[in-house]
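*Asks:* give me a model of this one.
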Amino acid sequence: MIRQEVVIFARTYDFKNDEGKLVQVGEIHILSKKQALSNGNGVSNGHKIAQVEVPFELAQKIIGQVPAVCDIEYEITVVNKALVLLPKNVQVIKEIESLNLLEEPDYIRTFGR
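*Replies:* Numbers count the residues shown, from 1 in each chain. Below is the predicted model of the structure:
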């Protein structure tokens with residue numbers, strides 16, 4: 001499944017696993033669609049951010065290009081007996097040059113609303 005998403009952050013980092021082996025991984029942050037939620041404790045509105053672990057090479061490929069509108073290809077996988085969607089590939093469609101979306105008319109026309 002391929003979805004168009006806004007990736008606002010990408011990074012790579014190293015850590016040592018339980019066996020002491022150096023592991024390289026990546027992480028991307030994806031901006032959700034606008035939400036309006038209410039529950040017994042109140043109402044929330046806005047965008048949530050999904051922090052997703054991805055292969056090192058995938059994050060490395062888009063560092064320097066985000067924030068950007070991206071095509072993200074997801075694969076369904078099993079993690080702790082639950083089905084989850086994990087990014088398999090990320091392709092930058094359009095870099096977002098400004099933090100002020102009013103200066104990004106193409107972004108508003110192609111992705112927003």
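*Asks:* and the spatially closest residue to Ile2 that is not a sequence neighbour, bridged to which residues?
*Replies:* Spatially, and ignoring its direct neighbours in sequence, Ile2 is nearest to Glu73 (4.9 Å; Cβ to Cβ, 6 or more residues apart in numbering). Using the backbone N, CA and C atoms, a C-beta is placed for each residue, glycine as well. Beta-bridge pairing of Glu73 under DSSP bridges involves Ile2, Asn89.
*Asks:* tell me which residues touch Glu73, please.
*Replies:* Residues in contact with Glu73, defined by Cβ atoms under 8 Å, 6 or more residues apart in numbering, are Met1, Ile2, Pro87, Lys88, Asn89, Val90, Gln91.
*Asks:* now those residues: which count as buried?
*Replies:* By neighbour count, with 16 or more other Cβ atoms under 10 Å, those hold Pro87, Lys88, Val90 as buried.
*Asks:* next, count neighbours for the nearest residue to Lys94 once chain neighbours are set aside.
*Replies:* With Cβ to Cβ, 6+ apart as the criterion, Lys94 has its nearest non-adjacent residue at 4.7 Å, and that residue is Val69. Neighbour count for Val69, taken as other Cβ atoms under 10 Å: 21.
*Asks:* would you mind confirming that Tyr13 is in contact with Val25?
*Replies:* Yes: the pair Tyr13 / Val25 is scored as a contact, 6.5 Å apart, by Cβ atoms under 8 Å.
*Asks:* if anything else comes up later, I'll come back, but that's it for now.
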